[in-house]
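Participant: Here is the input, now give the coordinates:
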Amino acid sequence: MPVMTLEKTAQAELVYNDMTFTLAEGAQGWAISYRKGRTAGTLAAGLFPGASQEEARAKARAVIRGAFPVGVKVVGPDVNHSTRIGDLRLVPPDVTHPNFIHWDKDSVLPSSEGGAA
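Facilitator: The predicted structure is shown next:
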């Protein structure tokens, strides 16, 4: 016997870093999808079950910022673990201590949307 499930249709649109994200509520939680130009995809699904739309929007902003950060990650040299081959000293990147440089302006979400912190 087929089971009928009711799909919830709450939906919100977020714009972040020139990308448009859609937050849609489904039967098992919220899903975040995006499109940028001709590219579209799903960032995550089944998130924040039982959350209200406002709660989901706030949490979705954090997920989006984590997945699509605005800034640059800089990995410096690991001078404590260099290797010598003859006279040549090879210095690998220090991947355990990357520095992340954030822009102080986050193009994207106006302050009412929880934009630049």
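Participant: So which residue is smack in the middle of the protein?
Facilitator: Nearest to the mean C-alpha position of the chain, counting by C-alpha atoms, centre = their mean, stands Ala67 at 2.1 Å.
Participant: residues contacting that one?
Facilitator: Applying C-beta atoms under 8 Å, 6 or more residues apart in numbering, we find Ala67 in contact with Leu43. All C-beta atoms are positioned from the backbone trio N, CA, C, and that covers glycine.
Participant: which phi and psi does it have?
Facilitator: Phi and psi for Ala67, reported as degrees, to the nearest 10, are phi -80, psi -30.
Participant: Likewise for Asn80?
Facilitator: Torsion angles, degrees, to the nearest 10, at Asn80: phi -80, psi -10.
Participant: Would you map the helices across this protein?
Facilitator: 53-67 (DSSP state H).
Participant: where along the chain do the strands fall?
Facilitator: For the chain, applying DSSP state E gives strands covering 11-16, 19-26, 29-36, 39-47, 71-74, 83-85, 88-90, 99-102.
Participant: how close does the closest residue in space to Ile32 that isn't next to it in sequence sit to Lys36?
Facilitator: Spatial nearest neighbour of Ile32, chain neighbours left out: Leu43 (4.2 Å); criterion: C-beta to C-beta, 6 or more residues apart in numbering. Using C-beta to C-beta, to the nearest Å, one gets 12 Å for the distance from Leu43 to Lys36.
Participant: Those two - which one has more neighbours?
Facilitator: Leu43 (19 against 13; other C-beta atoms under 10 Å).
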